[in-house]
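1. starting from these lines, generate the structure:
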Amino acid sequence: MGQKDMVEKIMEDYPDVFADIVNVLLFDGKQVVSEEDLKETGMRSRFKADTGMIHEKERDVGKYWIRDGKVQAIKRWSGKQRSLWELFARKENSGDGGQTYAQICSFAEDYHMRIFEIAYLSERQLAMFRSDFGLLAEYIVRKRKNEPFQIPQNRQIRHVDAFLKILSVFADEKYVKECAKSLIERDRKGERIMGCDISAAWADLGRKEGLATGRQEGQEEMSRLIAVMLRDGRSKELERVAVDREFRRKMLEEYHLV
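-> Residues are numbered from 1 along each chain as shown. Just a heads-up that it's a prediction; the model follows:
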């Protein structure tokens with residue numbers, strides 16, 4: 001299973017996120033299912049290998065919905081299959097010419113699954129989400145539309161570790177990966193992490209990289225200037241270049257290096 005699918009399921013497995021998804025996609029935003037009413041099914045287990053990669057044993061996400069003292073099952077259908085027959089369609093792997101598949105279809109009704117494509121959710125649906133999943137959904141939609149994504153500054157991130165890991169996988173941005181460690185550590189110490197904290201961390205990293213890039217470019221610029229001045233026999237002026245900023249700028253302009 002791909003990293004995107006795995007980290008997405010880790011996020012969805014939180015009761016508040018699971019309830020939020022169900023309420024938005026199934027109940028049009030009405031708060032029908034609460035996180036307090038959801039119980040674990042024990043369907044799946046997760047572990048992180050020494051490589052840092054996430055692994056799990058089951059493909060699905062499921063909860064028991066306890067309402068009025070009665071158990072009601074809520075389950076997320078996973079994979080690309082959109083009907084029961086498609087789930088068992090393995091002609092190329094069955095080795096019996098598709099006979100097993102034909103037998104299953106003759107005895108089982110074909111039930112179709114409703115698939116929600118997160119990238120194509122409407123603006124109205126995005127506005128209904130209350131959990132961290134809403135931010136991920138908005139990122140996915142904005143990416144499809146090639147629109148800028150901004151984290152609300154006053155929005156608290158409840159599941160910081162899961163949110164940043166899933167965003168780093170979907171966004172494949174080094175900024176997310178670099179900032180995640182410090183933010184996760186702050187969260188573990190009990191600090192509330194808000195959208196403004198993530199934005200500030202990204203901006204600070206960008207500033208540091210910009211300074212580092214600037215220093216590197218400055219060094220390269222100086223090296224080129226020294227080379228051309230030595231070529232022209234102006235070695236006596238190099239000391240002034242090193243200590244006099246205005247003179248250095250004049251020399252750079254003279255040699256068209258800026």
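
2. which residues touch F116?
-> By C-beta atoms under 8 Å, 6 or more residues apart in numbering, F116 lies in contact with L25. C-beta coordinates here come from the backbone N, C-alpha and C atoms, glycine included.

3. any idea which element it lies in?
-> According to DSSP states H and E, F116 maps onto no helix or strand at all.

4. what distance do you get for it to F18?
-> Per C-beta to C-beta, to the nearest Å, F116 is found 14 Å from F18.

5. ditto for E246
-> The value you get for E246 to F18, if C-beta to C-beta is used, is 64 Å.

6. show me which of these two is the more surrounded one.
-> Set side by side, E246 and F18 show more neighbours around F18, with 23 against 7, by other C-beta atoms under 10 Å.

7. pretty sure I226 sits against E237.
-> No - I226 is not in contact with E237 according to C-beta atoms under 8 Å; the separation is 10.5 Å.

8. so where do the strands sit in this protein?
-> Remark: strands assigned in the chain by DSSP state E are 38-40, 46-48, 54-56, 61-67, 70-76.

9. could you pull up the mean pLDDT of the last one?
-> What that stands for is strand 70-76. Over the span of strand 70-76, the pLDDT mean works out to 60.

10. quick check: R130 vs E35, distance?
-> According to C-beta to C-beta, R130 and E35 sit 10 Å apart.

11. how about the closest residue to E237 other than its chain neighbours, what does it touch?
-> Counting by C-beta to C-beta, 6 or more residues apart in numbering, the nearest residue to E237 once its immediate chain neighbours are dropped is M229, at 6.5 Å. Shown in contact with M229 (C-beta under 8 Å, 6+ apart): 235, 237-238, 241, 251, 255.

12. quick one: M229 and E221, what's the gap?
-> Distance of M229 to E221, computed by C-beta to C-beta: 13 Å.

13. tally of neighbours for F129?
-> F129: 21 surrounding residues under other C-beta under 10 Å.

14. who's in contact with it?
-> Counting by C-beta under 8 Å, 6+ apart, F129 makes contact with 20, 24, 135, 137.

15. what two of those residues are the furthest from one another?
-> Greatest spatial distance among those (C-beta to C-beta): V24 and L135, at 13.3 Å.

16. these two: which has the busier surroundings?
-> Neighbour totals were compared for V24 and L135, and V24 leads with 24 against 21 (other C-beta under 10 Å).

17. ok, that one touching Q125?
-> Yes - the pair V24 / Q125 is scored as a contact, 6.0 Å apart, by C-beta under 8 Å.

18. what stretches of the chain score poorly on pLDDT?
-> By pLDDT under 70, the weakly predicted segments of the chain are 1-4, 42-60, 70-113, 171-175, 202-218, 239, 242-243.

19. ranges for the helices of it?
-> 3-12, 15-27, 84-88, 91-94, 99-107, 123-128, 133-145, 160-171, 174-188, 195-231, 238-243, 245-254 (DSSP state H).

20. F247 contacts V241, doesn't it?
-> Yes - judged on C-beta under 8 Å, F247 makes contact with V241 at a distance of 6.2 Å.

21. which one's more surrounded, those two?
-> Ranked by neighbour count (other C-beta under 10 Å), F247 and V241 place V241 first, with 19 against 13.

22. now the more buried one: how far from R67?
-> Following C-beta to C-beta, the distance that separates V241 from R67 is 78 Å.

23. what of L252?
-> In terms of C-beta to C-beta, L252 sits 74 Å off from R67.

24. can you get me a residue count around D161?
-> Neighbours around D161, by other C-beta under 10 Å: 15.

25. just checking, it touches D187?
-> Yes - contact criterion C-beta under 8 Å: D161 and D187 qualify, at 6.8 Å.

26. and E36, what does it touch?
-> The contact partners of E36, by C-beta under 8 Å, 6+ apart, come to P15.

27. can you do 10 Å?
-> 15-16, 19, 66 (C-beta atoms under 10 Å, 6 or more residues apart in numbering).

28. give me the buried subset of those residues.
-> Neighbour-count burial (16 or more other C-beta atoms under 10 Å) applied to the contacts of E36 gives 15-16, 19.
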